[in-house]
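> Need the 3D shape of this:
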Amino acid sequence: MFGALLGKIFSDIIFLALHVSSTGSFPPALSAKKEQELIEKYEQGDMDARNKLIEHNLRLVAHIVKKYYSTPAEQDDLISIGTIGLIKAVSTYKSGKGIKLATYAARCIENEILMHFRNMKKTAQDVSINESLDTDKDGNALTLMDVISDESNIVDTIDTKIKIEKLGGYIKKYLTPRERIIIELRYGLGGRAGLTQRQVAQKLNISRSYVSRIEKSSIEKLRKAF
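Residues are numbered from 1 along each chain as shown. Predicted structure coming up:
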């Protein structure tokens, strides 16, 4: 399913973001010299340099998120959404534009969070889903979020739908026909059941190790696109 593929693309960095937000311990900020070195390496295609730039700017996400969340329960959602904005910022940053990475990243993070709130507002028909409507039997505030909840998180659902639409477009735009076939078979896109790497290899009459390499490179392409 698209959800499984999205999870594969974002799991490592989002996990780190949520982990550090809960522990309060963020990777230290980079010196201007070190940051410029990593930017230059990433512009030459070094994905490890890109990941380090993201990790060491996670405190910027946390700083911006503090302006927007009203309850502790919202923090993890907004951290994950803000991290998506940070990933986009680092992935699209151009050092020759004369703007600092932190300044550019802050705009991207805020845009991602504001887009999230705009979509949430449309879904809730302009009613705040965190607005207190009543109290439960124990005297706790009861919000619209509680009333419409079906043990799933509406915020996550909306955010996932947005990313799934983007992912479908990126698969068509950035992957070769062979890469698309392997990703579709592996993750069960198009309504089919997902297959193991060995099953895909047998179906396409290629080696399992080749399937693994294609899958890994395809996911890196999609991760970079996001």
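
> Okay, now the unreliable bits of the chain?
Residue ranges of the chain with pLDDT under 70: 1-25, 69-74, 120-162.

> Could you rerun that using 90?
Residue ranges of the chain with pLDDT under 90: 1-32, 42-52, 54-100, 102-103, 105-173, 180, 184-195, 203, 219-226.

> Which parts of it are helices?
Using DSSP state H, the helices of the chain run over residues 2-23, 32-43, 47-55, 58-65, 72-92, 101-123, 144-148, 154-174, 177-187, 197-204, 208-225.

> Output those helices in a markdown table, with mean neighbour count appended to each entry.
C-beta: built from backbone N, CA, C; applies to glycine. Output for the helices of the chain, formatted as a markdown table (neighbours: other CB atoms under 10 Å):
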| stretch | mean neighbour count |
| --- | --- |
| helix 2-23 | 16 |
| helix 32-43 | 15 |
| helix 47-55 | 18 |
| helix 58-65 | 20 |
| helix 72-92 | 20 |
| helix 101-123 | 16 |
| helix 144-148 | 14 |
| helix 154-174 | 15 |
| helix 177-187 | 18 |
| helix 197-204 | 16 |
| helix 208-225 | 17 |
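
> Tell me if I'm right that residue 95 and residue 35 touch.
No: Residue 95 is beyond contact range of residue 35, at 9.9 Å (criterion: CB atoms under 8 Å).

> joint contacts of those two?
residue 101 (CB atoms under 8 Å, 6 or more residues apart in numbering).

> and residue 85, how far is that from residue 206?
As judged by CB to CB, to the nearest Å, residue 85 and residue 206 stand 38 Å apart.

> ok, now residue 165?
According to CB to CB, residue 165 and residue 206 sit 31 Å apart.

> now residue 186
For residue 186 relative to residue 206 (CB to CB), the value is 13 Å.

> Now for the two: what residues contact both?
Here residue 186 and residue 206 have no joint contacts, going by CB under 8 Å, 6+ apart.

> my read: residue 217 touches residue 176, true?
No: using CB under 8 Å as the test, residue 217 is too far from residue 176 to be in contact (9.9 Å).

> Contacts only, for residue 102.
Going by CB under 8 Å, 6+ apart, residue 102 touches 57, 60.

> just checking, residue 59 touches residue 30?
No: applying CB under 8 Å, one finds residue 59 not in contact with residue 30, separated by 10.8 Å.

> Return the residues in contact with residue 112.
Residue 112 is in contact with 81, 82, 84, 85, 88, counting by CB under 8 Å, 6+ apart.

> Quick check: closest non-adjacent residue to it.
Of all residues not flanking residue 112 in the chain, residue 85 sits nearest, at 3.1 Å (CB to CB, 6 or more residues apart in numbering).

> how far away is the one you found from residue 57?
In this view, residue 85 and residue 57 are 11 Å apart by CB to CB.

> Find residues that contact each of those two.
Residues within reach of residue 85 and of residue 57 at once, by CB under 8 Å, 6+ apart, are residue 105.

> before we move on, the earlier item: so which of the contacts of residue 112 is the closest to residue 108?
residue 85 (4.4 Å; CB to CB).

> Distance of the closest one relative to residue 48?
Distance, residue 85 to residue 48, using CB to CB: 21 Å.

> and if you look at residue 180?
Distance check for residue 180 against residue 48: by CB to CB, it reads 26 Å.

> One more: residue 196?
Per CB to CB, residue 196 is found 28 Å from residue 48.
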